[in-house]
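Undergrad: what's the 3D shape of this:
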Amino acid sequence: MQSVALIDYGSGNLRSAEKALRKAAEGMPADIVVTADPAVVAKADRVVLPGVGAFAACMAALSSRDGLIEAMSEAVLTRGAPFLGICVGMQLLADRGLEFGTTPGLGWIAGTVARLTPSDPAAKIPHMGWNPLTAVRDIPLMAGLGPAPHMYFTHSFAFTPDDPSHVAASVDHGGLFAAAVSKDNIMGVQFHPEKSQGSGLRLLQNFLETRA
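TA: Residues are numbered from 1 along each chain as shown. Sure thing, here's the model as predicted:
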């Protein structure tokens, strides 16, 4: 039985992410554990970091849990446990976020999180609703989703990796930006798979089956 640590640091989408992960794990040897316990996280087989709201607030909340970031690093960076960041949980992978000043992120995938600036004035911010993914890379996380799966977004900021090869899928909202990122065992999605119905559920199942 593999353990999946869903990080509890006060994120607003924690319970919906938990419900979706449990549904995705049906029939799989996976134990979904909602936790902020560093000892549990450090030994987890997989780690999921949810997130909604402001980059700075989420990073502050994560940092305020003693030993939690260090435990995540032990599991993901040292042991190679597969990691999935959702929405702001993906953005926190970056070196920095530029919301309300500059806030350092985890720095696990080099890049910057900045406010969306659509070239099309009809593209409203926040970006909310269903959009098809484009330029989807052939990676295990995206297996079986097809060339343009529709996912549900709600955000005003986007992550731009320094290395374009770390973009696993893009989305067009007055201009292309990263909808998903991937670097070795570290993955993140800007959209909410827990709100994306069948496609989101398939993505979570893919994550639970992904080998490090």
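
Undergrad: residue 22 belongs to a strand, doesn't it?
TA: No: using DSSP: H, G, I helix; E, B strand; the rest coil, the assignment for residue 22 is helix, not a strand.

Undergrad: and it, how far from residue 191?
TA: As defined by Cβ to Cβ, to the nearest Å, residue 22 lies at a distance of 20 Å from residue 191. C-beta coordinates here come from the backbone N, C-alpha and C atoms, glycine included.

Undergrad: comparing these two, which residue is more hemmed in?
TA: residue 191 (28 against 14; other Cβ atoms under 10 Å).

Undergrad: which of the three states applies to the more buried one?
TA: Applying three-state DSSP: residue 191 is coil.

Undergrad: just residue 26 next, same as before
TA: coil.

Undergrad: do the same with residue 141
TA: helix.

Undergrad: for it, grab the count of nearby residues.
TA: Neighbours of residue 141 (other Cβ under 10 Å): 22.

Undergrad: what residues are bridge-paired with residue 189?
TA: residue 86, residue 180 (DSSP bridges).

Undergrad: could you check how far it is from residue 9?
TA: 18 Å.

Undergrad: and those two? Which one has more around it.
TA: Set residue 189 next to residue 9 and count neighbours by other Cβ under 10 Å: residue 189 wins out with 29 against 20.

Undergrad: read off the pLDDT value for that one.
TA: On pLDDT, residue 189 comes in at 98.

Undergrad: test my guess that it contacts residue 91.
TA: No: using Cβ atoms under 8 Å, residue 189 is not in contact with residue 91, being 10.6 Å away.

Undergrad: touching both of those two, which residues are there?
TA: residue 85 (Cβ atoms under 8 Å, 6 or more residues apart in numbering).

Undergrad: so where is the protein shaky, pLDDT-wise?
TA: 212 (pLDDT under 70).

Undergrad: cutoff 90 now
TA: 1, 11-13, 53, 99-100, 116-124, 127, 135-138, 146-147, 173-175, 210-212 (pLDDT under 90).

Undergrad: how near is residue 153 to residue 52?
TA: In terms of Cβ to Cβ, residue 153 sits 12 Å off from residue 52.

Undergrad: let me redo that: residue 206
TA: 22 Å.

Undergrad: all strands for this protein, in order.
TA: 2-7, 30-35, 46-49, 83-86, 96-97, 103-104, 111-115, 127-134, 150-155, 157-161, 167-172, 176-183, 186-189 (DSSP state E).

Undergrad: so which of these is nearest residue 199?
TA: Residue 199 sits nearest to strand 150-155 of all the strands of the chain, at 6.2 Å, using Cβ to Cβ.

Undergrad: could you tell me how many residues sit around residue 186?
TA: 22.

Undergrad: for it, what are its contacts?
TA: Residue 186 sits in contact with 76, 83, 85, 93, 108-109, where contact means Cβ under 8 Å, 6+ apart.

Undergrad: what's the answer for residue 163, then?
TA: 110-111.

Undergrad: do the same with residue 199
TA: Per Cβ under 8 Å, 6+ apart, neighbours of residue 199: 145, 149-151, 193.
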